[in-house]
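> What would the 3D arrangement of this be:
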Amino acid sequence: MALDSDVHNADSHLHVEFYLNSDGDYKANPRDFIRIIVPGDKTNVVDQPVREDHKERFPRQYLYWKMQSTDASAIGTPLSQWNADDSEEFNSHQMAELQILKFQTVEQIATATDAQLQRVGMGATGLREKARLYLTNKNKSQSDTELEETRAQLKQLQEQMAMLMENRKPGRPRKEAEA
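Numbering: from 1, shown residues only. Reported below is the predicted structural model:
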């Protein structure tokens, strides 16, 4: 959010970097810091803990830093798994190109819009269809595996039930006559 006095967008001329400070007093409890530098003036540097107004004032820089500093990956099937499972359909060069464009999972490619695929280039719609086919086959094989496991468990339970029924005597036990 630009300041009211920022008529000429002076904030866009600043060098802004966010970082995690774990030095000195912050070794046990690292904190997010911001460094604001006026290019050409090495005496005018602001270096302090991040406040909410910093996040609002420099949202692009903050978002970029958060994206670089988090190891959180998207939920889904990683591209590397697709490459390992089917390297002929999806090679390492395609994977590297998609990772440059920030695609992380097969699901992201399978559900990508035409506008997103334009940046990928020629063959992108075919790649999207291959991703959809890969996910369909993967889900089918997983459900087949689960079905086989369930059948095996059912067979085991039926065998256990049959053994219990064989050892059981029919009817109620007789009363013994009192003398």
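
> Which elements pack onto the helix or strand bottoming out on mean pLDDT in the chain?
Taking mean pLDDT, DSSP states H and E as the measure, helix 59-69 is the helix or strand of the chain with the lowest mean score, a mean of 83. Contacts defined by 3 or more CB pairs under 8 Å, 6 or more residues apart in numbering; DSSP states H and E place helix 59-69 against strand 15-21. All C-beta spots, glycine's among them, are computed from the backbone N, C-alpha and C.

> just checking, Arg174 is part of a strand?
No. Looking at Arg174 with DSSP: H, G, I helix; E, B strand; the rest coil, it is coil, so not inside a strand.

> re the thing from before, which strands and helices lie in contact with the helix or strand following the least confident helix or strand of the chain?
For helix 59-69, the succeeding helix or strand toward the C-terminus, using DSSP states H and E, is helix 79-85. Counting by 3+ CB pairs under 8 Å, 6+ apart, the packing neighbours recorded for helix 79-85 are helix 92-100, helix 106-110, helix 124-167.

> ok so, going back, got a list of contacts for the least confident helix or strand of the chain?
With CB atoms under 8 Å, 6 or more residues apart in numbering as the test, helix 59-69 has contacts from 1, 16-20, 50, 54-55.

> got a list of what Phe103 touches?
Per CB under 8 Å, 6+ apart, neighbours of Phe103: 79, 109, 112.

> Mind splitting the protein into its structural domains?
The record's domain split for the chain, according to automatic domain parsing, is 10-69, 73-166.

> Nearest to Lys175, out of the ones you listed?
With CB to CB as the criterion, Lys175 lies closest to domain 73-166 of those, at 24.4 Å.

> on that earlier part again, quick one, which of the helices and strands packed on helix 79-85 is nearest to Asn29?
Evaluated over those, closeness to Asn29 peaks at helix 92-100, with 33.4 Å, by CB to CB.
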